[in-house]
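Chemist: Just need the structure, nothing else, for what follows:
(2 chains)
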There are 2 protein chains.
Amino acid sequence: MKDFVVTPWEVKGEVDYEKLIKEFGISPLTQELLERIKKHTKELHPFLERKIFFAHRDLDWILDMYEKGEKFYLYTGRGPSGEMHLGHLLPFIFTKWLQDKFDAKVYIQITDDEKFLFKNLTLEQTKKFGYSNALDIIALGFDKKKTFIFLDTEYSKTLYEQAIKVAKHLTFSTVKATFGFTNETNVGAIFFTSVQAVPAFLESVKEGRNVPCLVPLGVDQDPHFRLARDVLPKLGFYKPAVIHSKFFPSLLGKNAKMSASEPNSAIFTTDSEEDVDRKIKNAFTGGATTIKEQKEKGGNPEVCSVYSYYYFLFGKDEKELKQIYEDCKSGKRLCGECKQILAERIKKFLKEHQRKREEAKKEIDKFLIKD
Amino acid sequence: MKDFVVTPWEVKGEVDYEKLIKEFGISPLTQELLERIKKHTKELHPFLERKIFFAHRDLDWILDMYEKGEKFYLYTGRGPSGEMHLGHLLPFIFTKWLQDKFDAKVYIQITDDEKFLFKNLTLEQTKKFGYSNALDIIALGFDKKKTFIFLDTEYSKTLYEQAIKVAKHLTFSTVKATFGFTNETNVGAIFFTSVQAVPAFLESVKEGRNVPCLVPLGVDQDPHFRLARDVLPKLGFYKPAVIHSKFFPSLLGKNAKMSASEPNSAIFTTDSEEDVDRKIKNAFTGGATTIKEQKEKGGNPEVCSVYSYYYFLFGKDEKELKQIYEDCKSGKRLCGECKQILAERIKKFLKEHQRKREEAKKEIDKFLIKD
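Modeler: Okay, here's the model as predicted:
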């Protein structure tokens, strides 16, 4: 029996990433591949060291091409169903790092159409969130000369003409099997994956020649690119390569992806210091029921959402992480102190992020592309 | 057993329009309605006199609104899968007449996306046909200040944003039942009806208030508007009213709609004088096998494609039509002469049309709207 579900619109249960690799038919990121990346980047991003980006499709091919002198571009995106939480930032933080290291153009698709079609939200709401999310993305430091952000509904003249070329090669049977649609799914939702496929070859259309594309994303989005990889060669384009991240864990325990519908499950980029203090104080930990017991028996960082936060974003380096892990296990590091240190680091991060987010308001027009 | 099929993508067999009225749930154009129209237009277009436009949805409501001072706009369209034949001109000739009589704005949608998605044509081909078809439409004399022609792929920023609002209310079940789609239909084709619905409320979006819309069309297109009429009120818009035409008959006999894939079945607007002479000479008639027999027993105009051509477009008036009919029945008018007169009238029409079509090349930018 499957005890977890991962689709672009639903993530449920504790995800077994080994199983997911088999189920999705993706490849694990091997040590050999990491070494090849390091040859070009000099250092490895912690997301790679820690296998937070853990799997890929054709990343070896992207490196082959790069080594032959064919540069790739990057494509990632955001579904604007609400404000962004820290987990939503992962692919963008990583994409920004790749941009710097490989001097790559970046396309960022904000799917206001998708969230309108799949959720109980108006288009006005998803657009508003889209603009707000764009500020968070810009705040991460993307190169304004090489980064192109668009809302689908504001770039749909460009997108629709290409999307129908993809759509002509996708039957209802195929999208039904891939996404678990039913006959009651709306026809916009059925069409949508065609729109998400477009930025994976748009640079090639613009350049009038094939340009390799690498897509960093949360692994739940992989099915879109499984289809895109089938269709794009039929249109004369390269298959996009993909690099997949794990899900940032919920503050309420490991059984859920963080979600905008559960505000206490995540730290949002727009949260106040009080929000952070309260959420971290109430976070699910691997601690024992009493301090006495924990000092004796130790805690369990494996199930602890606070430890996860250090692991994903707030541990200084591998050495510190290892220390936190061991001190928790041994009962030396107690939850109160551990939470307090984390809360301070998050607040520091958010203060800086929110400042850059304000500045991004002045810069947004340099990033946005529209028809 | 049904001996004919009418869908937007297939018309087969000899259409029984009485049956079609029941099957589609549309209303016959009554004498009472024609009188109401005549009150405003002074004279009735031959297409109305002859019941070539034979059915409607909510035309009475359009007249109610008009009489209360709420003017309507017109919306019709063209699927650019090839050059246009005379049958394709019917809705446009009629729409132009309605524009003149009711001083109405006209939106004309050229569905290059649809023909790409449903046919074995490239988008380059459907666009090329789209531009060529636009010339035929403009040649009919539309008012350039009040007529807005667009190719879907060149107006898709405007269209897509509205289309997804329609799409959200249409399930696969619904479009499957309406159009006879299967699980192997491509997802662009499944989505497409949402795009065709948009011009039926676009004027209301632009004006920021509800404006009644009347759609003159070939009856095969009715299913799109059956769906649009279900969905638009959910978006706060009026249901579009519709007025339906019969199919212009094939030169090869009554069992087929004219078709671009059978060049001899129709006179195309781009045909030469030689083409016309040849096609009319070879046309299927209601004549007897010998002249002697025909003089004795008469011909049968009911099944005659040549008579149909007089009936639909080339009869001077009701009086002449009646005369042709009777002279055929009595054996007085023979096929050779009847064909020759028709060929001359068609050639005269085409010569004038082709001249205006050339002039339209200079005017096209005044009609085309793009994002």
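Chemist: what about the residue lying closest to A:Asn183 once chain neighbours are set aside, how many neighbours?
Modeler: Sequence neighbours aside, B:Ser173 is the residue nearest to A:Asn183 in space, at 4.3 Å (criterion: Cβ to Cβ, 6 or more residues apart in numbering or on different chains). To be clear about C-beta, it is placed using only N, CA and C from the backbone, and glycine gets the same treatment. Using other Cβ atoms under 10 Å in any protein chain shown, B:Ser173 has 12 other residues around it.
Chemist: Check B:Ser173 and give its pLDDT.
Modeler: Among the per-residue scores, B:Ser173 shows a pLDDT of 98.
Chemist: Which strand or helix spans it?
Modeler: helix B:172-179 (DSSP states H and E).
Chemist: which residues sit against the following helix or strand past that helix?
Modeler: As assigned by DSSP H and E, the chain's next helix or strand after helix B:172-179 is helix B:187-197. Applying Cβ atoms under 8 Å, 6 or more residues apart in numbering or on different chains, the set of residues contacting helix B:187-197 from outside is A:163-164, A:167-168, A:170-172, A:175, A:187-188, A:190-191, A:193-194, B:77, B:109, B:111, B:113-114, B:117-118, B:152, B:159-160, B:163-164, B:166-167, B:170, B:172, B:175, B:178-179, B:181, B:224-225, B:227-228, B:231-232.
Chemist: The same query, at a cut-off of 7 Å, please.
Modeler: Outside of helix B:187-197, the residues within contact range by Cβ atoms under 7 Å, 6 or more residues apart in numbering or on different chains are A:164, A:167-168, A:170, A:172, A:175, A:187-188, A:190-191, A:194, B:109, B:111, B:113-114, B:117-118, B:152, B:159, B:163, B:166-167, B:170, B:172, B:175, B:181, B:224, B:227-228, B:231.
Chemist: where does chain A have its least confident helix or strand?
Modeler: strand A:253-257 (a mean of 66; mean pLDDT, DSSP states H and E).
Chemist: How far off centre is stretch A:78-86?
Modeler: On the basis of Cα atoms, centre = their mean, to the nearest Å, stretch A:78-86 sits 10 Å off its chain's mean C-alpha point.
Chemist: so how far does that stretch reach from one end to the other?
Modeler: Using Cα to Cα, to the nearest Å, one end of stretch A:78-86 lies 13 Å from the other.
Chemist: who touches it?
Modeler: So stretch A:78-86 is contacted by A:88, A:110-112, A:114-115, A:119, A:121, A:126, A:129-130, A:132-133, A:136-137, A:248, A:258, A:260, A:266-270, A:313 (Cβ under 7 Å, 6+ apart).
Chemist: redo that, cut-off 6 Å
Modeler: Residues from elsewhere that reach stretch A:78-86 (Cβ atoms under 6 Å, 6 or more residues apart in numbering or on different chains): A:110-112, A:114-115, A:119, A:126, A:129-130, A:133, A:136, A:258, A:260, A:266-270.
Chemist: Narrow the residues you listed to those in strands?
Modeler: Those of the contacts of stretch A:78-86 mapping onto strands are A:Ile110, per DSSP state E.
Chemist: So which of the contacts of stretch A:78-86 are in helices?
Modeler: Counted as lying in helices by DSSP state H, out of those, are A:Asp112, A:Glu114, A:Lys115, A:Thr126, A:Phe129, A:Gly130, A:Asn133, A:Asp136.
Chemist: what about burial for the contacts of stretch A:78-86, which qualify?
Modeler: A:110-112, A:114-115, A:119, A:126, A:129-130, A:133, A:136, A:258, A:260, A:266-270 (16 or more other Cβ atoms under 10 Å in any protein chain shown).
Chemist: roughly how far apart are the residue of chain A most remote from its centre and chain B?
Modeler: Using Cα atoms, centre = their mean, the residue of chain A lying farthest from its centre is A:Lys292. It sits 39.2 Å away. Computed with Cβ to the nearest Cβ, to the nearest Å, the distance linking A:Lys292 and chain B is 57 Å.
Chemist: Quick one: residues contacting that residue.
Modeler: By Cβ under 6 Å, 6+ apart, A:Lys292 has no neighbours at all.
Chemist: and it, that's in a helix?
Modeler: Yes. Applying DSSP: H, G, I helix; E, B strand; the rest coil, one finds A:Lys292 inside a helix.
Chemist: Let me know the pLDDT of A:Ala288.
Modeler: According to the model, A:Ala288 carries a pLDDT of 88.
Chemist: Backbone torsions only: list them for it.
Modeler: Per-residue torsions, A:Ala288: phi -80, psi 170 (degrees, to the nearest 10).
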